[in-house]
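Asks: After the sequence you'll find the predicted model.
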Amino acid sequence: VPLDTLIFDPAACGFPRPRIPLLPTGLDGITLRKAGRWAPAGHFRHFARGRYALREAYRLAGIGPGGALLAPAYHCRTMLDPALALGGDVLLYPLRPDLTPDLAALEALAENSPVPVRALLATHFFGIPRPFEALAAWCARRGITLVEDCSHAFVTEQHRPTGIGMHGQFVVSSPYKFLPGPDGGLLYARDTAQIADIHPAAPALKDELRGIAHMRSKAAEQRRGRAACDPARIDAEFAAIMQTPAPSARDMRESAGCSADYRPTEEGRSALRTSRWLYRHADIERVARRRRENYRRWAAATMNLPYCRPLFPELPAGCIPYMFPLLIDQPETRFQWLKHMGLPIWRWDSIAASNCPTALDYRLRLLHLPCHQSLDDRELEWMIAVIGKASAGTTQSSS
Ligand SMILES: Cc1ncc(COP(=O)(O)O)c(C=O)c1O
């Protein structure tokens with residue numbers, strides 16, 4: 001089943017680099033204390049990124065020619081890439097506005113699939129734990145492997161947040177999204193026998209050194225960027241951006257395979273030793289507390305703005321958020337302004353096409369904003385002030 005991809009190409013826009021890193025930097029969130037594991041070592045394998053851990057989970061589940069993956073219609077393309085790289089089919093299942101799967105639609109998709117469905121990817125978007133009991137029971141009834149996507153949750157060998165990683169036969173996470181490591185993708189298998197023969201290749205020494213250099217340059221970049229986050233200059237900078245007509249991005253639909261972010265040469269490579277050392281020394285309490293505080297500040301600051309609203313205004317107890325998801329109106333103009341200001345934003349604007357209304361709506365309207373532990377007060381205040389400034393030109397809110 002060929003997939004079309006909706007591609008948002010901002011090359012012509014000339015956006016500057018974000019003034020603040022989207023992921024943590026320095027050694028914030030690291031302690032000299034070493035924490036114990038939540039499961040014996042035989043359950044875990046380490047890869048360069050979550051996408052390569054997903055590849056192993058998909059492969060073991062039987063994804064390949066003649067075996068399909070059910071994946072969420074709103075996604076990062078790296079969630080689908082490994083299935084496409086294995087030569088499997090991808091069927092996109094619709095999500096409700098709160099990003100939970102629509103079980104009735106899943107049933108229909110599996111029933112009508114021209115090829116047997118072998119695996120289902122279920123995602124805890126933004127780190128919000130989702131109850132996947134019913135989904136796990138449905139998968140078990142149909143002989144489908146449940147792969148629990150904890151890429152947005154703080155899952156390491158040492159830590160698993162409440163309500164996360166409970167149901168998947170495989171659990172996959174991306175520790176580099178929570179801690180300042182240069183790489184890292186974790187695969188947990190409930191049944192150790194399934195991964196007994198998987199031995200990711202140790203990285204070369206030059207890759208370790210490159211990883212350490214990368215960490216140092218990211219930390220230096222954040223220190224330099226702090227000086228550019230001057231709230232007193234926002235008005236003038238914004239006025240200049242709004243007055244200058246900017247070239248538009250190209251928004252197109254094409255039949256694309258794997259994204260450029262999936263590198264077959266990285267398959268089967270282990271995470272760097274540096275990353276693994278850092279992940280064993282996570283200051284879990286600090287990471288959790290700082291991220292929750294920052295998320296709450298974002299939510300309070302954006303709740304009453306006329307052009308946007310937090311997708312999840314409340315954080316469930318114990319949840320350690322990955323990013324702060326914010327829905328905006330009139331993204332055609334506002335996204336451009338915010339990007340030209342150097343606001344750090346991720347957005348899944350290039351996704352495989354489906355008829356899921358949530359995915360189509362969120363593709364351009366949902367911004368992912370950083371709430372990580374390395375942000376300081378000045379950076380957070382600057383970002384909040386910039387978001388507030390984009391209220392300019394608000395007429396009638398349609399959200
Ligand atoms: C929800 C989700 N799952 C999986 C992945 C793949 O993880 P990684 O970036 O570690 O390869 C991503 C990528 O950002 C993601 O956002």
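Replies: Perfect, thanks for sending it. Residues are numbered from 1 along each chain as shown.
Asks: Could you use CA atoms for every contact and neighbour count after this?
Replies: Will do.
Asks: what's the spacing between T25 and the ligand?
Replies: Counting by C-alpha to the nearest ligand atom, to the nearest Å, the gap from T25 to the ligand is 16 Å.
Asks: Surely that residue is in contact with S217?
Replies: No. Contact criterion C-alpha atoms under 8 Å: T25 and S217 do not qualify, at 9.3 Å.
Asks: So for those two, which sits in the more crowded spot?
Replies: T25 (27 against 14; other C-alpha atoms under 10 Å).
Asks: got the contact list for the more buried one?
Replies: By C-alpha atoms under 8 Å, 6 or more residues apart in numbering, the contact set of T25 is L179, P180, M215, K218, A219, Q222, S374.
Asks: between the residues you listed, which is nearest the ligand?
Replies: Closest to the ligand out of those is L179 (12.3 Å), distances taken as C-alpha to the nearest ligand atom.
Asks: Quick check: the closest one vs D283, distance?
Replies: According to C-alpha to C-alpha, to the nearest Å, L179 and D283 sit 9 Å apart.
Asks: shared neighbours of the two, anything?
Replies: With C-alpha under 8 Å, 6+ apart as the test, L179 and D283 both reach G29, I30.
Asks: quick one: contacts of stretch 363-380?
Replies: With C-alpha under 8 Å, 6+ apart as the test, stretch 363-380 has contacts from 20, 22-26, 28-29, 74, 178, 226, 229, 286-287, 290-292, 294-295, 321-331, 344-351.
Asks: Quickly check: the helix or strand S275 falls within near the ligand or not.
Replies: For S275, the element it lies in under DSSP states H and E is helix 273-280. No. Using C-alpha under 6 Å from any ligand atom, helix 273-280 never reaches the ligand; the gap is at least 12.8 Å.
Asks: tell me which strands and helices that helix is in contact with?
Replies: Contact partners of helix 273-280 among helices and strands, from 3 or more C-alpha pairs under 8 Å, 6 or more residues apart in numbering; DSSP states H and E: helix 205-228.
Asks: ok, L315 - contacts?
Replies: Counting by C-alpha under 8 Å, 6+ apart, L315 has contacts I128, R292, R296, P321.
Asks: okay, the residues you listed in CSV with pLDDT and distance to the ligand next?
Replies: Listed next are the contacts of L315 as CSV, based on pLDDT from 0 to 100; distance: C-alpha to the nearest ligand atom, whole Å:
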residue, pLDDT, distance to the ligand
I128, 97, 11
R292, 98, 19
R296, 98, 21
P321, 98, 13
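Asks: Can you add secondary structure, neighbour count and distance to D207 and give these back as JSON lines?
Replies: Shown next, in JSON lines, are those (DSSP: H, G, I helix; E, B strand; the rest coil; neighbours: other C-alpha atoms under 10 Å; distance: C-alpha to C-alpha, whole Å):
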{"residue": "I128", "secondary structure": "coil", "neighbour count": "23", "distance to D207": "33"}
{"residue": "R292", "secondary structure": "helix", "neighbour count": "22", "distance to D207": "33"}
{"residue": "R296", "secondary structure": "helix", "neighbour count": "16", "distance to D207": "37"}
{"residue": "P321", "secondary structure": "coil", "neighbour count": "29", "distance to D207": "30"}
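Asks: one step back: which of the contacts of T25 has the most neighbours?
Replies: That'd be L179 among those, by other C-alpha under 10 Å, with 31 neighbours.
Asks: Distance to L60 for the contacts of L315 - can I get that in a markdown table?
Replies: Output for the contacts of L315, formatted as a markdown table (distance: C-alpha to C-alpha, whole Å):
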| residue | distance to L60 |
| --- | --- |
| I128 | 27 |
| R292 | 36 |
| R296 | 40 |
| P321 | 30 |
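Asks: Now for those: which two are most distant?
Replies: I128 and R296 (13.9 Å; C-alpha to C-alpha).
Asks: Give me the mean pLDDT for the helix or strand where A359 lies.
Replies: According to DSSP H and E, A359 maps onto helix 357-365. Average pLDDT, helix 357-365: 98.
Asks: And for stretch 156-165?
Replies: pLDDT averaged over stretch 156-165 gives 96.
Asks: Stretch 239-249 now?
Replies: Regarding stretch 239-249, the rounded mean pLDDT is 87.
Asks: In that stretch, which residues are buried?
Replies: Of the residues in stretch 239-249, M242, A246 count as buried by neighbour count, 16 or more other C-alpha atoms under 10 Å.
Asks: quick one: the helices in the chain?
Replies: In the chain, the helices defined using DSSP state H lie at 50-61, 81-85, 103-112, 133-142, 205-228, 234-243, 273-280, 284-302, 331-340, 357-365, 377-389.
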